[in-house]
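Colleague: quick one: sequence and predicted model below, then my questions.
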Amino acid sequence: MSEKQTLTREVATAAKDWTHPLYLGIAQTYDPVLFSQGGVQALQAYRDLERDAHVHAILQKRKFAVVGRPWEVLPASDSPLDKQAAELVEAQFKGLGFDKLCLGLLDSQLMGFSVGEILWEVRKSQLWAAQVIMRRQERFIFKAREEGATGAQDPWELRLRTLASPLEGDPLPVRKFVVHRTGALDNNPYGLGLGNQLYWPVEFKRQGLTFWLIFADKFGSPTVEGEYEPGATEDEKRELLNAALSVSVDGAIIHPKGMTLSLLEAARAGSIETYDKLVRYMDEQCSEAVLGETGSTNQSGEGGSRARDQVGNEVRLEVAQADADLLSATLQDTLIRWIVELNLPGAGLPSVWRSFEEPEDLKNRSERDGLLFDMGFRPTLEAVTAAYGEGYEDIGVPAPPTKVPGLPKPTLELGEGDGTDAADRITAQAISHAGRSYNAMLAPIKKAIQTSTSLLDLRDRLETLYPELDSHAFAEVMEQAMVLASLEGRHDVLSGN
């Protein structure tokens with residue numbers, strides 16, 4: 001064998017792993033929990049974990065974070081054949097229920113691997129994947145393929161365990177079963193699911209709940225105590241016991257008068273809080289294992305932090321995007337490849353992806369656009385449509401001017417008289433110029449008052465008129481008046497008035 005051939009071939013295959021020897025060529029799971037309980041057939045222990053309400057909720061949240069995102073099929077290139085292949089794959093995915101398929105394959109998150117059987121159908125001379133049925137993992141085993149026997153990418157052959165062949169299993173047809181794996185260690189075909197991380201926290205939680213219920217049973221309700229006189233007959237004792245039991249269904253005690261009885265109480269008042277903290281801690285461990293964070297599922301009564309919750313949500317979305325990408329890669333290597341090979345041989349393989357782009361916050365966008373408008377910038381109709389969608393039209397509102405052209409400039413007239421006369425003169429000039437600017441600014445409001453049909457109509461018009469109110473001219477007049485007053489004062493000081 002040449003050096004080139006050696007470099008391009010896998011040498012340390014899982015089939016040669018001496019730490020997990022094969023029996024009849026059948027692979028064994030690397031999961032230590034399952035391995036200690038007898039192997040893959042013990043997967044029911046992981047399935048039972050979902051009976052825990054918290055585990056079920058966080059697993060569903062992780063799956064729905066994937067299937068809740070929009071998906072699209074992208075062609076391998078712009079060639080007509082590749083585009084046709086992408087359209088065919090998209091049509092078949094829509095027909096069989098793509099989200100339902102993904103939800104079933106994502107069962108590998110808990111179990112390590114998932115298996116779906118494809119039911120093909122002939123439609124107009126084409127083979128269509130009409131349905132994918134999810135199968136229980138315990139029904140399958142993986143057998144190492146003979147080296148060089150096939151060009152399949154998967155070195156493991158999926159086999160179905162039957163009554164006739166429960167150990168080696170029966171061989172299965174090609175292009176028939178989709179296998180999706182999670183956490184596959186050293187190319188182990190069974191993967192390594194979250195059940196390995198969730199098993200012990202759930203087990204400890206169940207034990208903690210058991211002790212909590214025993215504690216509540218022993219100390220949650222009082223025990224009735226009855227005393228009888230020395231020398232009481234058996235009938236009298238029985239009557240006293242029945243009376244005590246009629247008060248408490250949990251139990252009662254009777255004893256001779258003068259006899260002392262004591263009950264062992266909890267060592268400390270906070271004992272019941274110990275169980276509560278234990279259960280909550282185990283729930284947090286489960287949340288961290290599944291979602292990568294605890295903020296979205298384990299909020300305490302003390303309130304939360306918006307920044308912390310935002311970071312936790314970002315971590316959860318990163319996990320979901322990774323799940324979606326891995327699932328897309330599996331589908332491209334199996335179902336997508338088979339659809340194209342059976343119907344359009346030679347076409348490039350399309351890819352299916354889910355979008356995780358967060359929609360823009362339109363409230364923040366509108367506030368930003370409002371600030372830009374106040375600064376003198378107005379977005380184009382195309383920009384408004386791209387940001388806010390269809391249904392808007394340009395009403396022709398001009399951008400607010402920063403300078404009013406043609407405004408008469410007040411002139412400084414130094415005449416005879418004292419400073420009081422100068423102040424009156426400047427005030428008169430300011431009133432004259434500002435009056436015209438002020439009236440121009442209020443003109444749209446006066447027109448709205450005159451043409452409005454009701455107070456509600458006037459209110460609506462005033463809200464839309466606000467951007468049109470131009471106060472720049474009025475402000476410029478006031479600025480010039482202040483400058484004139486300052487200059488007049490300086491002139492009076494220099495002239496000795």
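Modeller: The structure has been received and is ready for your questions. Remember, it's a predicted structure, so these values are computed and weren't measured experimentally. Numbering: from 1, shown residues only.

Colleague: let me see the contact set for Asp154.
Modeller: By CB atoms under 8 Å, 6 or more residues apart in numbering, the residues touching Asp154 are 145, 179, 189. For the C-beta atoms, the positions are set from N, CA and C on the backbone; glycine is no exception.

Colleague: try Gly112
Modeller: Per CB under 8 Å, 6+ apart, neighbours of Gly112: 29, 31, 137, 181-184, 190-193, 195-196.

Colleague: just Arg139 next, same as before
Modeller: Contacts of Arg139 by CB under 8 Å, 6+ apart are 115, 160-161.

Colleague: apply 10 Å and report the result again.
Modeller: If you count contacts by CB atoms under 10 Å, 6 or more residues apart in numbering, Arg139 has them with 40-41, 115, 159-162, 169.

Colleague: got it, and Leu160?
Modeller: So Leu160 contacts 115, 117, 135, 139-141, 169-172, 177 (CB under 10 Å, 6+ apart).

Colleague: and it, how far from Leu88?
Modeller: 29 Å (CB to CB, to the nearest Å).

Colleague: one more: Ala65?
Modeller: 29 Å.

Colleague: now do Gly104
Modeller: Look at Gly104 and Leu88: by CB to CB, they are 22 Å apart.

Colleague: does Ala91 touch Trp128 like I think?
Modeller: Yes - assessed by CB atoms under 10 Å, Ala91 is found in contact with Trp128 at 8.5 Å.

Colleague: which residues do those two both contact?
Modeller: Ile339.

Colleague: those two: which is more packed in?
Modeller: Set Ala91 next to Trp128 and count neighbours by other CB atoms under 10 Å: Trp128 wins out with 19 against 13.

Colleague: got the contact list for the more buried one?
Modeller: Contacts for Trp128 (CB under 10 Å, 6+ apart) come out as 88, 91-92, 95-96, 119-122, 339, 342-343.

Colleague: partner strands of the helix or strand harbouring it and their direction?
Modeller: Trp128 is part of strand 126-135 when elements are defined by DSSP states H and E. Neighbouring strands of strand 126-135 in its sheet, by DSSP bridges, are strand 113-123 (antiparallel).

Colleague: coming back round to it: list the buried ones in the strand holding Trp128?
Modeller: Across strand 126-135, burial judged by 16 or more other CB atoms under 10 Å covers 127-129, 131-132, 134.

Colleague: same question, stretch 39-52
Modeller: 39-40, 42-43, 46, 49-50, 52.

Colleague: got it, and stretch 78-85?
Modeller: By neighbour count on 16+ other CB under 10 Å, the buried set for stretch 78-85 is 82-85.

Colleague: strands along the stretch 151-300 of the chain, start to end?
Modeller: Assigned strands in the stretch 151-300 of the chain, in chain order: 156-160, 170-171, 177-181, 224-228, 252-256 (criterion: DSSP state E, counting those that start in this stretch).

Colleague: need the winner for burial among these.
Modeller: strand 177-181 (a mean of 21; mean count of other CB atoms under 10 Å).

Colleague: quick one: mean pLDDT over it.
Modeller: Strand 177-181 shows a mean pLDDT of 96.

Colleague: turn the strands of the stretch 151-300 of the chain into JSON lines, columns for distance to Met111.
Modeller: As requested, these are arranged in JSON lines below (distance: least, CB to CB, whole Å):
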{"stretch": "strand 156-160", "distance to Met111": "15"}
{"stretch": "strand 170-171", "distance to Met111": "22"}
{"stretch": "strand 177-181", "distance to Met111": "10"}
{"stretch": "strand 224-228", "distance to Met111": "51"}
{"stretch": "strand 252-256", "distance to Met111": "50"}
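
Colleague: to Glu367, which of these lies closest?
Modeller: Smallest distance to Glu367 across the strands of the stretch 151-300 of the chain (CB to CB): 44.4 Å, for strand 177-181.

Colleague: tell me the strands beside the closest one, with direction?
Modeller: strand 113-123 (antiparallel).

Colleague: and the partner strand with strand 156-160, angle?
Modeller: Counting by axes from the mean of the first three to the mean of the last three CA atoms, to 10 degrees, strand 113-123 lies at 80 degrees to strand 156-160.

Colleague: look up how far Arg354 lies from Gln321.
Modeller: On the measure of CB to CB, Gln321 and Arg354 end up 8 Å apart.

Colleague: what's the overlap in contacts for the two?
Modeller: 66, 69.

Colleague: near Ala164, how many other residues are there?
Modeller: Count around Ala164 with other CB under 10 Å applied: 7.

Colleague: and it, backbone torsions?
Modeller: phi -80, psi -30 (degrees, to the nearest 10).

Colleague: per-residue pLDDT, it?
Modeller: 92.

Colleague: now for it: which residues touch it?
Modeller: Per CB under 10 Å, 6+ apart, neighbours of Ala164: Asp170.
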